[in-house]
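>>> sequence? don't have it. structure:
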C-alpha cells in the first residue's frame, strides 16, 4: 500500500524491464497500463526505440493485467513512430485476454502487430 | 426498461480526487464489489473497463487538477422481472458543457462495453450514466 493509504504507487502498478536479444530491443511490461502509468511506458518505449535504430522493438505485454484506451492510443502512436523510423513495433500478448480483448474491441488487431510469444516475435 | 430496485446494500459509491492515481482504486473497488455479487468474469472486465474510461476522461479534463477537483462514482445493482441482473453506474464531475468532450478511443470503448450510455451536462457538471449488459441471477451459469 502506498503512502496515501491504499493507493498503490505508480511504480508498483506497472513495471518495465529491459531484456537482451540480438537484433531487437525487448521491454517486458507487467501490471496495469492506464492514464497514471502510460507516460512512463511511452518514455521507456521511446528510449528503447531510439536505441534500437531500425531493429524491431518487442513489447512483451503477456504480464499486463489491464490495458485502457489511453494505453492503446499510446501503442498506436508508438507503432506509427516505429514505422516512420524504419523499425517496427511487435506486441506479445500471449494468452492475456486483458490485452487482446481491448485491442479487438477497438478493431486494432489489424493495425497492431501481435505475437503469441517473445520467441515468435523475435524469430523473424 | 422496467427495473425493480435491489436492497440498499447493493450499491457502491466513491468520491475521488480527479487525479490519475484514482483510477486503480476505482478499478479495484469496483471489481471486488462485482466479484462479491458473483458477476461473470468477462462482464466484470467490461464494467471495470467502461468505468475506468469514464473516470479517465474526467481526470484528463481536470489536468492539472486543482486539489478540490473530484470525480464521483456510484453503482447500483438492478434485477429485472425475469431475475436477470444489470448494474447502472454514474460517473460525474464538475466539468461544464464547454469542456465535457471525450478524447481518443474512450467513448468508443465505453459503448462497446455497455448496453446503454447517456451523457448529461449542465452548468453544475457532467454525468455519464452507463447500464451494463445483463447477466443471469447469482448462482446461475451464463449462456453465451
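That came in fine, so what should we check first? Keep in mind that what you see is a predicted model, and the values were worked out from it rather than measured.

>>> got the residues of chain B near chain A?
Contacts of chain B with chain A, taken as CB under 8 Å from any CB of the partner chain, map to B:20-25, B:27, B:45, B:48-49, B:52-53, B:56, B:59-60, B:104-106, B:108-109, B:112-113. (Glycine included, C-beta is placed from N, CA and C.)

>>> out of those residues, which are buried?
Buried by 16 or more other CB atoms under 10 Å in any protein chain shown: B:20-25, B:27, B:45, B:48-49, B:52-53, B:56, B:59-60, B:104-106, B:109, B:112-113, out of the residues of chain B next to chain A.

>>> before we move on, the earlier item: among the residues of chain B next to chain A, which lie within strands?
Among the residues of chain B next to chain A, the subset assigned to strands under DSSP state E is empty.

>>> ok, longest helix in chain B?
For chain B, the helix with the greatest residue count under DSSP state H is helix B:41-61.

>>> what's the helix or strand that comes right after that helix packed up against?
The first helix or strand that comes after helix B:41-61 along the chain, using DSSP states H and E, is strand B:70-79. Here strand B:70-79 touches strand B:4-5, strand B:11-17, helix B:22-36, helix B:41-61, strand B:85-93, going by 3 or more CB pairs under 8 Å, 6 or more residues apart in numbering or on different chains; DSSP states H and E.

>>> try 7 Å this time
strand B:11-17, helix B:22-36, helix B:41-61, strand B:85-93 (3 or more CB pairs under 7 Å, 6 or more residues apart in numbering or on different chains; DSSP states H and E).

>>> what mean pLDDT does it get?
Average pLDDT, strand B:70-79: 95.

>>> and stretch B:39-54, by the same measure?
Here the average pLDDT along stretch B:39-54 is 97.

>>> in stretch A:12-20, which residues are buried?
A:13-14, A:16.

>>> give me the pLDDT for the nearest residue to residue A:68 once chain neighbours are set aside.
Spatially, and ignoring its direct neighbours in sequence, residue A:68 is nearest to residue A:34 (4.5 Å; CB to CB, 6 or more residues apart in numbering or on different chains). Looking at residue A:34, its pLDDT stands at 97.

>>> for residue B:101, same thing?
66.

>>> at the geometric centre of chain A, which residue sits there?
residue A:59 (4.3 Å; CA atoms, centre = their mean).

>>> check the secondary structure at that one for me.
strand (DSSP: H, G, I helix; E, B strand; the rest coil).

>>> so it touches residue A:94, yeah?
No. Contact between residue A:59 and residue A:94 fails when scored by CB atoms under 7 Å: they sit 11.6 Å apart.

>>> how about the residues of chain A that lie near chain B?
For chain A, the residues in contact with chain B (CB under 7 Å from any CB of the partner chain) are A:6-8, A:13, A:32, A:34-36, A:66, A:68-70, A:72-73, A:101-102, A:105-106.

>>> can you name the residues bridging to the residue nearest to the centre of chain A?
Using DSSP bridges, the beta-bridge partners of residue A:59 come out as residue A:27, residue A:91.

>>> which of the buried residues of stretch A:12-20 fall in strands?
Using DSSP E, the buried residues of stretch A:12-20 in strands are A:14, A:16.

>>> doesn't residue A:95 belong to a strand?
No. The assignment for residue A:95, made by three-state DSSP, is coil rather than a strand.

>>> chain neighbours aside, what residue packs nearest to it?
Closest residue in space to residue A:95, ignoring its immediate chain neighbours: residue A:62 at 7.2 Å, by CB to CB, 6+ apart.

>>> now do the same contact list for the one you found.
Contacts for residue A:62 were tallied using CB atoms under 7 Å, 6 or more residues apart in numbering or on different chains; they are A:92-94, A:96.

>>> rebuild the helices and strands packed on strand B:70-79 as a markdown table, extending it with distance to residue B:69.
Converted to a markdown table, these look like this (distance: least, CB to CB, whole Å):
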| stretch | distance to residue B:69 |
| --- | --- |
| strand B:11-17 | 7 |
| helix B:22-36 | 10 |
| helix B:41-61 | 9 |
| strand B:85-93 | 7 |
